[in-house]
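> missing the sequence, but the structure's below:
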């Protein structure tokens, strides 16, 4: 079955901005700045309450344009030109958005890297992208990013936490004229041990953000929030929403409960979320005092990136007193489906929503034959928000797209008669923890190097807070001393594995279950046993 969502009205981007389908990210910034220059776009929530000496910072749409041009001029003076590859690994703060906007003004190719990635992932991203410059936050959250950058032999390293390059915009060349060139490289671990560089254009990111805003029915009266890493694909996705509809978002450099609640309340946030883990955190805080509404201004929780149990939906509506809309997206396609506030409770609880305008979903057999509604099969996608393929993988077109131009996601599911998508599993061996993809193979390859491990299988187990948690199932050689979880995680840390990929559960077995033909480990049996 193929479902394509269309609309009688014009494209959401053109409707909201007056821009054509080849619009650039910078055009979007300039147009919004011209429409509402004095309106606030970003509010950076102080980690301490203002009464304790800290102060929230704000930025208007006009200042975003003007300051980004000065940063672009400073970068130009450093040697950044249209097409120059600039990697950045920065936390969620105003300076990060300004730097990204400045690179969009120049027409540079930017490669965002999640701040908690370490040597293995960062080194790979720098080598694969051939980045000529690398922006880091310096010493941040107990880790020296500048030292890591130099340790990895990065080129053009500069710190961009509080101070950004500055210059006279008069030196700048004209802004980029088309939105169809690849100017973004986002990283996802996928199913292999090394990350994959996902190639996006301004147009694909604008399409994703505009579809998301349209699905959520947002207005200039809303106040959003970004509690996730801005370097995630959700960063530009959310920024596009702000630029299209002219509302602000509160940025949280460090998100922790209950500390973040003051920022939500202070700025009367109406739309919050991120992933299943965020829903669970809000619920946990609400349950501390059910008699008082946790966030009186909140009308909508929205997110995606991880499985959402139906009971979470019902709990949010019942206990938080707001709506919950969950969606389906990936680094390759930031917006695939999204629940809409006017969907039925049944659809909001049990499906991932419907595809937005311009997105076509096809459910097929492995050979690409379309399947009828209600039949599980491979989920394939075609639309403006779909990426252009993978970096340095000339064969990725055949591997990633079918003959009709549909992206082969590796996810399994079915479409309901109403066009809502239900995901039922993944053919790719990926664990999705708090919205981040984790390659099981990467962790397994490292575990096989640990003394006392004969074989290992890493699986994702359902987890109400995280979506999935990482579980390592280890087969030890005869006579080996039993391993402990602290021993395993300490070893993986020593090998440079990022903290979010570390196993949270360890199971020791005499023998891993295998099939009779190629002795392949049967992971589904492990999931059944330990779920």
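That came in fine, so what should we check first? The structure presented is a predicted model; accordingly, all values stated were derived computationally and were not measured.
> which stretches of the stretch 51-200 of the chain aren't confidently modelled?
Counting by pLDDT under 70, the stretch 51-200 of the chain has low-confidence residues at 51-54, 189-193.
> ranges for the helices of it?
Here the stretch 51-200 of the chain has its helices, by DSSP state H, counting those that start in this stretch, at 61-78, 94-106, 119-129, 145-151.
> looking at those helices, which is closest to residue 287?
helix 94-106 (33.3 Å; Cβ to Cβ). (C-beta placed from N, C-alpha, C; glycine too.)
> now that closest one and helix 61-78, what's the angle there?
70 degrees (axes from the mean of the first three to the mean of the last three Cα atoms, to 10 degrees).
> returning to that earlier point: can I get the helices of the stretch 51-200 of the chain in CSV including mean neighbour count?
As requested, the helices of the stretch 51-200 of the chain are exported to CSV (neighbours: other Cβ atoms under 10 Å):
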stretch, mean neighbour count
helix 61-78, 21
helix 94-106, 25
helix 119-129, 20
helix 145-151, 18
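> Which one, of the ones you listed, ends up nearest to residue 493?
helix 119-129 (11.3 Å).
> which residues are in contact with the closest one?
85, 87, 89, 109, 111, 113-114, 117, 131, 134, 148-149, 151-152, 154, 185, 187, 189, 194-195, 197, 391-392, 495-498 (Cβ atoms under 8 Å, 6 or more residues apart in numbering).
> just the buried members of the residues you listed?
85, 87, 89, 109, 111, 113-114, 117, 131, 134, 148-149, 152, 154, 185, 187, 189, 194-195, 197, 391, 497-498 (16 or more other Cβ atoms under 10 Å).
> one step back: residue 42 is nearest to which of the helices of the stretch 51-200 of the chain?
helix 94-106 (5.4 Å).
> Which residues belonging to stretch 319-330 are considered buried?
Buried residues in stretch 319-330 (16+ other Cβ under 10 Å): 320, 322, 323, 324, 325, 326, 327, 328, 329, 330.
> Ok, stretch 154-161 next?
154, 156, 157, 158, 159, 160, 161.
> Give me the nearest residue to the second one, chain neighbours excluded.
What that stands for is residue 156. Closest residue to residue 156 apart from its sequence neighbours, by Cβ to Cβ, 6 or more residues apart in numbering: residue 133 at 3.4 Å.
> re earlier: strands - which of the contacts of helix 119-129 land there?
85, 87, 109, 111, 134, 185, 187, 197 (DSSP state E).
> right, and out of those, which lies closest to residue 523?
For the ones in strands among the contacts of helix 119-129, the nearest to residue 523 is residue 187 (24.7 Å; Cβ to Cβ).
> these two touch, right, the closest one and residue 199?
No: with contacts defined as Cβ atoms under 8 Å, residue 187 does not count as touching residue 199, sitting 11.1 Å away.
> and the gap between residue 294 and residue 257?
10 Å (Cβ to Cβ, to the nearest Å).
> so what's residue 228 up against?
So residue 228 contacts 92, 234, 235, 255, 274, 275, 435 (Cβ under 8 Å, 6+ apart).
> Mind doing that once more with 6 Å?
Contact partners of residue 228, counting by Cβ atoms under 6 Å, 6 or more residues apart in numbering, are 234, 274.
> Which secondary structure element is home to it?
Here residue 228, judged by DSSP states H and E, is contained in no helix and no strand.
> And residue 302, by the same measure?
With DSSP H and E as criterion, residue 302 is part of strand 300-303.
> can you pull the pLDDT of residue 444?
For residue 444, the pLDDT comes out at 87.
> From what I see, it and residue 456 are in contact.
Yes: if you go by Cβ atoms under 6 Å, residue 444 and residue 456 touch, sitting 5.2 Å apart.
> Neighbour count for those two, which is higher?
residue 456 (23 against 20; other Cβ atoms under 10 Å).
> Now the nearest residue to the more buried one once chain neighbours are set aside. Its backbone dihedrals?
Distances taken as Cβ to Cβ, 6+ apart put residue 447 closest to residue 456, at 4.0 Å, once the chain neighbours are dropped. Main-chain torsions, residue 447, degrees, to the nearest 10: phi -60, psi -30.
> Over to residue 463?
Dihedral angles of residue 463 (phi, psi; degrees, to the nearest 10) stand at phi -140, psi 120.
> i'd like the first residue to be 860 from this point on
Happy to do that; since the first residue is 860 now, the last one works out to residue 1322.
> For the closest residue to it other than its chain neighbours, I want the exact helix or strand it lies within.
The spatially closest residue to residue 1322, leaving aside those adjacent along the chain, is residue 1328, at 4.1 Å (Cβ to Cβ, 6+ apart). When elements are assigned from DSSP H and E, residue 1328 belongs to strand 1326-1334.
> other SSEs contacting that strand?
Judged by 3 or more Cβ pairs under 6 Å, 6 or more residues apart in numbering; DSSP states H and E, strand 1326-1334 is in contact with strand 1289-1292, strand 1314-1322, strand 1364-1368.
> relative to helix 953-965, how tilted is the strand or helix carrying residue 1103?
Per DSSP H and E: residue 1103 is located in helix 1093-1104. Angle between the axes of helix 1093-1104 and helix 953-965 is 70 degrees (criterion: the same axes, to 10 degrees).
> which element follows helix 1093-1104 toward the C-terminus?
Next element after helix 1093-1104 (DSSP H and E): strand 1108-1110.
> Counting neighbours, what do you get for residue 1143?
Neighbours of residue 1143 under the rule other Cβ under 10 Å: 13.
> can I assume it sits in a helix?
Yes: secondary structure assignment places residue 1143 in a helix (DSSP: H, G, I helix; E, B strand; the rest coil).
> Distance-wise, check the closest residue to it other than its chain neighbours relative to residue 1321.
The shortest distance from residue 1143 to any residue other than its chain neighbours is 7.1 Å, reached at residue 1116 (Cβ to Cβ, 6+ apart). Distance, residue 1116 to residue 1321, by Cβ to Cβ: 22 Å.
> ok, now residue 926?
Counting by Cβ to Cβ - residue 926 and residue 1321 are separated by 44 Å.
> circling back: report the beta-bridge partners for the residue nearest to residue 1322.
Beta bridges link residue 1328 to residue 1320, judged by DSSP bridges.
> Of the buried residues of stretch 1013-1020, which belong to strands?
Those of those lying in strands (DSSP E): 1016, 1017, 1018.
> Need the pLDDT of the closest residue in space to residue 1342 that isn't next to it in sequence.
Of all residues not flanking residue 1342 in the chain, residue 1311 sits nearest, at 5.5 Å (Cβ to Cβ, 6+ apart). The score at residue 1311 is 91. That number is its pLDDT.
> Equivalent analysis for the one 3 residues further on, please.
Model confidence at residue 1314, given as pLDDT, is 86.
> so it touches residue 1335, yeah?
No: Residue 1314 is beyond contact range of residue 1335, at 8.9 Å (criterion: Cβ under 6 Å).
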